[in-house]
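Visitor: Turn this into a structure:
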Amino acid sequence: QVQLVESGGGLVQTGDSLRLSCAASGDIFFIDYMGWFRQAPGKEREFVASIKWSGDHTDYAESVKARFIISRDSAKNTVYLQMHDLRREDTAVYYCAAAGSIWRDVLRSRQSYAYWGQGTQVTVSS
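Guide: Residues are numbered from 1 along each chain as shown. Next comes the predicted model:
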């Protein structure tokens, strides 16, 4: 079992920055990839970014590319999502997720991730 705990959400203004954290514990050896997803009210959960646990591969949704940065601190078993130039459409509950060994072409699919955090709310107001 892998436990994931997100933190760092909050209420910000458009154009602001925010950093989310996701601390992993338990069977860390299982993790090969970590991902961030988000779900806005009335919408499906969508892929935001992913990173290989070793740190040598990252992937981003087009809507956040060049604004968001995913990173990890292996010593702290923590993955971060640094968000810049936030927009109202970034408002959502953000979830981190952990996947085992999977093909890169399914990294954007939420079905590829076995463990999920409880989510943290990000609200961007104008």
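Visitor: From now on I want contacts and neighbour counts done on CA atoms only, so please keep to that.
Guide: OK.
Visitor: How about Ile70, nearest residue that isn't a chain neighbour?
Guide: Counting by C-alpha to C-alpha, 6 or more residues apart in numbering, Ile70 lies nearest to Leu81, which is 4.6 Å off, once chain neighbours are set aside.
Visitor: Where does that neighbour sit, in terms of helix or strand?
Guide: strand 78-83 (DSSP states H and E).
Visitor: mind listing what the residue nearest the centre of the chain touches?
Guide: With distances taken as C-alpha atoms, centre = their mean, the residue of the chain nearest its centroid is Trp36 (1.9 Å). Counting by C-alpha atoms under 8 Å, 6 or more residues apart in numbering, Trp36 makes contact with 47-50, 81, 94-97.
Visitor: Who's the closest spatial neighbour of it, skipping the chain neighbours?
Guide: Cys96 (4.5 Å).
Visitor: circling back: quick check: beta-bridge partners of the residue nearest to the centre of the chain?
Guide: Following DSSP bridges, Trp36 is listed with bridge partners Ala49, Cys96.
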